[in-house]
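>>> sequence and predicted structure below; questions after.
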Amino acid sequence: MRIGVVTFPGTLDDRDALRAVRLAGAEGVALWHGDDDLQDVDAVILPGGFSYGDYLRAGAISRFAPVMEKVVDAAHGGMPVLGICNGFQILCESHLLPGSMIKNAHRAFICRDQPLRVENNRTAWTTAYDADQVIRIPLKNQDGQFVADQRTLEELEAEGRVVFRYAEGATHGPEGFETNPNGSRHDIAGITNAYGNVVGLMPHPEHAVEAGFGPDEPGRATRTGVDGLGFFTSVMRSLVA
């Protein structure tokens, strides 16, 4: 299986995402923002960072990159697409996902190990998890507050399109934001489109794919630090289903 990872000017986590893909057993394919084709990949990841310096708004310029025209078309055709952090922002700007990302409510950059509750384990990127399972993966952002109008929020809830919520148990955080680190509406950490092939989330699963290098969860004696690997094994499973 070939999973493409797009690099934009200012991307930070493309190599981490490529490594996560390889650890899951797929072939990672590096894609460039100026590419006009997707090199026959089976799925695409838009990784984290500060694409184009986050000028205008986070992800606002990236949506016009040549490669994004191909990503949008492929997503509409059913290809699995995952947006992580800045990638989530790009998905919103590209209208593949609803809502928008604005600056954190406490107006500060945050970096911590973040518990997430799996609300929807039926997407192309989440079948390796159990419903209501709590996983712990790193979170790092300054424009991570998910917002949407009330009608959109109600639709996301009614259609089961909230994929992850921020859960209790964070090790530290700004006062008043111990559970919800950035003020996101409905504690939303990640969402999906109506078909379940496009998923965006703010935390970083690619930083939790190797034991000893990802977050250790208190009380768990085995397989700590690998809670993010399920994203990448899930998409491989969905591609052969």
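Perfect, thanks for sending it. Numbers count the residues shown, from 1 in each chain.
>>> packing partners for the helix or strand harbouring residue 67?
Assessed by DSSP states H and E, residue 67 sits inside helix 66-76. If you count contacts as 3 or more C-beta pairs under 8 Å, 6 or more residues apart in numbering; DSSP states H and E, helix 66-76 packs onto strand 43-46, strand 81-84. No exception for glycine: its C-beta is placed from N, CA and C like everyone else's.
>>> sheet-wise, list the partners of the last one with their directions.
It refers to strand 81-84. strand 43-46 (parallel), strand 198-201 (parallel) (DSSP bridges).
>>> ok, which of the ones you listed comes nearest residue 185?
The closest of the strands paired with strand 81-84 to residue 185 is strand 198-201. By C-beta to C-beta, the value is 14.5 Å.
>>> state the next helix or strand along the chain beyond the closest one.
helix 229-240.
>>> for that following helix, which residues meet the burial criterion?
229, 230, 231, 232, 233, 234, 235, 236, 238, 239 (16 or more other C-beta atoms under 10 Å).
>>> now do the nearest residue to the third one once chain neighbours are set aside, the pLDDT please.
When the adjacent residues along the chain are set aside, residue 231 lies closest to residue 205, with 4.4 Å between them (C-beta to C-beta, 6 or more residues apart in numbering). pLDDT, residue 205: 97.
>>> go on, residue 218?
For residue 218, pLDDT reads 57.
>>> make a markdown table out of the helices and strands packed on helix 66-76 and add mean neighbour count.
Formatted as a markdown table, the helices and strands packed on helix 66-76 follow (neighbours: other C-beta atoms under 10 Å):
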| stretch | mean neighbour count |
| --- | --- |
| strand 43-46 | 29 |
| strand 81-84 | 30 |
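>>> I'd like these written out as CSV, with mean pLDDT added.
CSV is the format used below for the helices and strands packed on helix 66-76 (pLDDT from 0 to 100):
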stretch, mean pLDDT
strand 43-46, 98
strand 81-84, 98
